[in-house]
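Peer 1: Need coordinates for the following:
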Amino acid sequence: MYTLDISGHHVHTTEEVQNTIKEGMDQLADINSHITSIKVIVNSESHQNKSELILEARVHIPGHDLFASVTTDKQLGVAVDTLVEKLEKQLLKHKAKHEGRKHHPDARDVETIEEREEQEEFNELDRRDAI
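Peer 2: This next block holds a predicted model:
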């Protein structure tokens, strides 16, 4: 389970806005169960009769932080979907990169002579279907 912090700058984050963001962030939790926290900032800026919606998110997983930002003049739902897509790509890339690592990458597995002999005996018995 993760903690979700949603804040608004120059925007009032209503319960509907928070629910929309929470639904999107729950999709990320389905991809990676190691997410510990997500911080989302909703910002609105106006430039010469044009208003922009800016969404930023920081996702923390042990040992790594992911960050994505979306600037759009479209609605919140579209911005959240785009933000989730960006973070999904980063999570999948991180997951693929670290999949299968159980220890430090510089660590070496050292097998003793006795362990090697036991493994060879097991392999021989397995080949003869004696097990």
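Peer 1: For the residue nearest the centre of the chain, report the pLDDT, please.
Peer 2: When the chain is reduced to its mean C-alpha position, the nearest residue by C-alpha atoms, centre = their mean turns out to be Leu91, at 3.8 Å. Per-residue confidence for Leu91 comes out at a pLDDT of 89.
Peer 1: part of a helix, is it?
Peer 2: Yes - the assignment for Leu91 is a helix, going by DSSP: H, G, I helix; E, B strand; the rest coil.
Peer 1: List the contacts of it.
Peer 2: By C-beta atoms under 8 Å, 6 or more residues apart in numbering, Leu91 lies in contact with 28, 31-32, 59, 61, 66. No exception for glycine: its C-beta is placed from N, CA and C like everyone else's.
Peer 1: Between these, which sits nearest Ser7?
Peer 2: Val59 (15.3 Å; C-beta to C-beta).
Peer 1: Would you mind listing the buried residues in stretch 67-77?
Peer 2: For stretch 67-77, burial by neighbour count (16 or more other C-beta atoms under 10 Å) applies to 68, 70, 76.
Peer 1: next one: stretch 85-102
Peer 2: 86-88, 90-91, 94.
Peer 1: Please state the offset of it from the chain centre?
Peer 2: Computed by C-alpha atoms, centre = their mean, to the nearest Å, the chain-centroid distance of stretch 85-102 equals 7 Å.
Peer 1: ok, now stretch 51-63?
Peer 2: 12 Å.
Peer 1: Between the contacts of Leu91, identify the one with the most neighbours.
Peer 2: Within those, most neighbours by other C-beta atoms under 10 Å means Val59, with 24 neighbours.
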